[in-house]
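Trainee: From the sequence below, what's the structure:
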Amino acid sequence: MITMHLTSEDAQFLREQLASHTAHVEDELQHTGKQGAKKTLAGDLEHLQNLITQLSGAIEGLVVEPDDPAAEQRPAADS
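Mentor: Residues are numbered from 1 along each chain as shown. Predicted coordinates for the structure are as follows:
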């Protein structure tokens with residue numbers, strides 16, 4: 001696990017950049033005809049969306065664990 005300490009502004013900037021890149025991946029997914037590429041892009045898209053969800057949760061003061069479907073959102077521990 002890697003831990004990063006970001007300012008609120010940096011975290012919001014990173015989230016915006018991830019969202020922008022996600023839009024490009026979505027567009028590429030819609031326009032590719034190759035099945036193998038579609039599968040790879042769909043996996044990349046899901047990964048990016050999970051990262052955005054985690055980052056958004058951190059910005060809002062929550063810990064979000066999308067890899068654990070049983071996990072609930074809970075307040076972040078003080079560092």
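Trainee: Contact partners for the most centrally placed residue in the chain?
Mentor: Central residue of the chain (Cα atoms, centre = their mean): Leu51, 1.9 Å from the mean position. Each residue near Leu51 by Cβ atoms under 8 Å, 6 or more residues apart in numbering is listed here: Leu18. (Each C-beta comes from the backbone N, C-alpha and C, glycine too.)
Trainee: okay, it: pLDDT?
Mentor: Per-residue pLDDT puts Leu51 at 95.
Trainee: residues in contact with stretch 7-15?
Mentor: Here stretch 7-15 has contacts from 6, 52, 55-56, 58-59, using Cβ under 8 Å, 6+ apart.
Trainee: Could you check stretch 34-54 and say which residues are buried?
Mentor: 41, 45, 48-49, 51-52, 54 (16 or more other Cβ atoms under 10 Å).
Trainee: if I read this right, Leu29 contacts Gly43, doesn't it?
Mentor: No. Here Leu29 lies out of contact with Gly43, judged by Cβ atoms under 8 Å, at a distance of 10.3 Å.
Trainee: would you list every one of the helices in this protein?
Mentor: Ranges of helices in the chain, per DSSP state H, are 8-31, 35-59.
Trainee: how close does the residue nearest to the centre of the chain get to Gln12?
Mentor: Remark: distance between Leu51 and Gln12 (Cβ to Cβ, to the nearest Å) = 14 Å.
Trainee: what do you get for Leu18?
Mentor: On the measure of Cβ to Cβ, Leu18 and Gln12 end up 11 Å apart.
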